Every structure is written in C-alpha cells, then in structure tokens.
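Chemist: sequence-free structure coming up:
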C-alpha cells in the first residue's frame, strides 16, 4: 500500500501529535517516514516581530536551532515507535509548496500534517495521498 510517508511538523504540540499519528501509521504499514520542517526565509522588510529585531545571520541561526530541535523531537517519536525516519529541513516562503515538492521529489505516497488548531480542542490531521 504506502511505502513512504512524509510527516510535516512545525514543532508545536499539535504537530507532535501528527508525528505520532504518522509514525504509528508507518509502523502499521511497514513504511518509512520522512520528517520535514520548513522555515521561512529572512526578509529585509518584515512585519514579523522576530524578524524586526534580528539580522539575517542571527535569524538563520535561530531558525536552524529551532528546526534541529523540532526534527530531533520528531525523530525521537519515530524511534520510540520503532520506525525508520529521515529528517529534512528546508527554507521556503510557502511551506505548503515545499511540502508538496518534497513529497514529489522523494516519491512519498502520503503526507500527514496537523491543522493550525483553530477548529477546537480536538486535533485535526490532514492525510493526503498522491
């Protein structure tokens, strides 16, 4: 059925639940997992508070550390479930495009990700297949 599952994560608690869901799905199917996090690029003209106070170098360092922490936590969830996982960190202004592009390039069968959590207290998971 599915052999490769891309799990997109932003490091939030809701996203961690999607990682758990995706790795459990992979375990049940005997599939591998690709854990992906996407950071936005630094913009000289920005309205985001964290970008207004940072230089390009400090912003990149901050985002790299955040991505490493996010992927490390996600990889631990996969490892605990006994699932083989690889990690990828990308920079892109449109995370959804990076997620789709990565799924296509890596020939992933399914994408698992959480919603933004705006719909209530229950997590929503989006599972899309090619």
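Modeler: The structure has been received and is ready for your questions. Since the structure is predicted, the reported quantities are computational estimates derived from the model, not experimental observations. Numbers count the residues shown, from 1 in each chain.
Chemist: Any regions of this structure where pLDDT drops low?
Modeler: 43-54, 116-130 (pLDDT under 70).
Chemist: do that again at 50, thanks
Modeler: 118-123 (pLDDT under 50).
Chemist: Would you map the helices across it?
Modeler: 13-29, 49-52, 56-81, 95-105 (DSSP state H).
Chemist: Show residues contacting the first one.
Modeler: Read that as helix 13-29. Here helix 13-29 makes contact (C-beta atoms under 8 Å, 6 or more residues apart in numbering) with 1-3, 5, 7-9, 31-33, 35, 73-74, 77-78, 81-83, 85, 110, 112-117, 123, 125. Every residue, glycine included, has its C-beta placed from N, CA and C.
Chemist: same thing but 7 Å
Modeler: 1-2, 5, 7, 9, 32-33, 35, 73-74, 77-78, 81-83, 112-114, 117, 123, 125 (C-beta atoms under 7 Å, 6 or more residues apart in numbering).
Chemist: re the thing from before, and the helices of the chain: which comes nearest residue 89?
Modeler: Residue 89 lies closest, by C-beta to C-beta, to one member of these: helix 56-81, at 4.2 Å.
Chemist: Counting by contacts, list what that closest one packs against.
Modeler: If contacts are counted by 3 or more C-beta pairs under 7 Å, 6 or more residues apart in numbering; DSSP states H and E, helix 56-81 sits against helix 13-29, strand 32-39, strand 85-91.
Chemist: ok, and which of these has the densest surroundings?
Modeler: strand 32-39 (a mean of 23; mean count of other C-beta atoms under 10 Å).
Chemist: From the contact counts, what lies against that one?
Modeler: Right, strand 32-39 is packed against strand 4-8, helix 13-29, helix 56-81, strand 85-91, helix 95-105 by 3+ C-beta pairs under 7 Å, 6+ apart.
Chemist: Can I get the ones you listed in CSV including distance to residue 40?
Modeler: Formatted as CSV, those follow (distance: least, C-beta to C-beta, whole Å):
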stretch, distance to residue 40
strand 4-8, 14
helix 13-29, 16
helix 56-81, 8
strand 85-91, 7
helix 95-105, 8
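Chemist: wait, which of these is closest to residue 39?
Modeler: Of all the helices and strands packed on strand 32-39, helix 56-81 comes closest under C-beta to C-beta, at 4.1 Å.
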